[in-house]
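# Model the structure of this input:
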Amino acid sequence: MNIKPLADRVLVKPAAAETTTASGIIIPDSAKEKPLKGEVLAIGNGTKDEEMVVKVGDTVLYGKYAGTELDLDGEKYLIMRQGDILAII
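I've put the predicted structure just below:
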């Protein structure tokens, strides 16, 4: 990974969107919701006021409009502040 987040930022790879419902109905691409969880790939060093709590490899939940989308080598990533992360799963 060539991206190193700065300060309290975190690089997250969003989980794949669900393609079927629990009952087996296939969801078309136009109706899929943006996933709200992902895996942490890289973290910054934190700030003097905020220590980094998340670690590389953690699965996290984040807000619907959290972060900035990046497209690198055909893969989609999110970079967000640690404060935008709601929970570690």
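# if I look at the residue nearest the centre of the chain, how far off is T21?
Centroid-nearest residue in the chain: V12, 3.5 Å away (criterion: CA atoms, centre = their mean). V12 is 25 Å from T21, where distance means CB to CB, to the nearest Å. Every residue, glycine included, has its C-beta placed from N, CA and C.
# quick one on the thing from earlier: isn't the residue nearest to the centre of the chain up against G67?
Yes. Contact criterion CB atoms under 8 Å: V12 and G67 qualify, at 7.0 Å.
# any residues in contact with both of the two?
Common neighbours of V12 and G67, using CB atoms under 8 Å, 6 or more residues apart in numbering, are L78, I79, M80.
# List the beta-bridge partners for the second one.
What it means is I79. L11, T68 (DSSP bridges).
# Would you confirm that it contacts P5?
Yes. Counting by CB under 8 Å, I79 touches P5, with 6.1 Å between them.
# Many thanks, I have nothing further to ask.
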